[in-house]
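>>> have a look at this fold, sequence not included:
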């Protein structure tokens, strides 16, 4: 079975994104779709008072701009500010230098534009945890597959000769599961376990940047990246019963 995962590139995202990555044979950065406010250019980190946000500032853009066409607003000096914020937030954690090293490896590269920076960040963390081996990485902007929503996703999976598509629960609202099934593609949804690991500031939350896992657990954090999947029929039934 060949598994395809398709995700918008994100800024050092939460652990769950790397759990999807772990399951993929082909991972597609969905970079030529319309930018929407959310978790693409921002991520949470822990503080003594709860979670706060790191946000990559963007230059002014139109409503229908694609992710791959966005540009960072570099005038604000945000890269250095983010590194200082992370250094303070992660101070005293056992593997702080690993986490900051990964962040610096990406943020100090001034040649990286917005989309490249997001992708490089995700790849750098995946490499740290040994999640690159055997993976084929793609950008949707380079695959020349057309369509809308469910049709586009199905086309990308078929283009890569995938026979299983793994995604997050949000896709329950728009995927045409029967069409996937007719095409010989099994659809599965993530069953996030959200395993608790030691964090600097309790209580535990799984939704902060993966850099938090690096800082607290080092390479052993790989053992917490282990969620499984559930078949779309089960996922749909569970949603309808909720």
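Looks like it arrived, so ask away. A quick note: this is a predicted structure, and the numbers were derived from the prediction, not measured.
>>> hey, let's count contacts and neighbours off CA atoms from now on
Noted.
>>> helix/strand/coil for residue 158?
Here residue 158 takes the helix state, with states given by DSSP: H, G, I helix; E, B strand; the rest coil.
>>> distance check, it against residue 228.
Look at residue 158 and residue 228: by Cα to Cα, to the nearest Å, they are 23 Å apart.
>>> any idea which element the residue lying closest to residue 95 once chain neighbours are set aside lies in?
Counting by Cα to Cα, 6 or more residues apart in numbering, residue 95 lies nearest to residue 215, which is 4.3 Å off, once chain neighbours are set aside. Assigned by DSSP states H and E, residue 215 belongs to helix 210-217.
>>> which other helices and strands contact that helix?
helix 96-107 (3 or more Cα pairs under 8 Å, 6 or more residues apart in numbering; DSSP states H and E).
>>> returning to that earlier point: ok, residues contacting the helix holding residue 215?
12-15, 45-46, 90, 93-99, 125, 197-200, 221 (Cα atoms under 8 Å, 6 or more residues apart in numbering).
>>> drop anything exposed from these.
12-15, 45-46, 90, 93, 95-99, 125, 199-200, 221 (16 or more other Cα atoms under 10 Å).
>>> tell me what the residue lying closest to residue 186 once chain neighbours are set aside is bridged to.
Among residues not flanking residue 186 along the chain, residue 164 sits closest, at 4.5 Å (Cα to Cα, 6+ apart). Judged by DSSP bridges, the bridge partners of residue 164 are residue 3, residue 186.
>>> run the chain-centre distance for stretch 126-137.
Distance of stretch 126-137 from the chain centroid (Cα atoms, centre = their mean, to the nearest Å) equals 14 Å.
>>> next, the buried residues of whichever strand or helix holds residue 155.
Residue 155 belongs to helix 149-159 when assigned by DSSP H and E. Neighbour-count burial for helix 149-159 flags 150, 153-158 (criterion: 16+ other Cα under 10 Å).
>>> thought residue 34 was touching residue 66?
Yes. Checked against Cα atoms under 8 Å, the pair residue 34 and residue 66 is within contact range at 4.3 Å.
>>> out of the two, which sits in the more crowded spot?
Shown here are residue 34 and residue 66; by other Cα atoms under 10 Å, residue 66 has more neighbours (18 against 15).
>>> the more buried one and residue 106, how far apart?
Using Cα to Cα, residue 66 is found at 22 Å from residue 106.
>>> name the single longest helix found in this structure.
Criterion DSSP state H: the longest helix present in the chain is helix 114-128.
>>> on that earlier part again, against residue 235, how distant is the residue nearest to residue 186?
Distance from residue 164 to residue 235, by Cα to Cα: 15 Å.
>>> ok, and the closest non-adjacent residue to residue 194?
Leaving aside its chain neighbours, residue 194 sits nearest to residue 206 (5.9 Å; criterion: Cα to Cα, 6+ apart).
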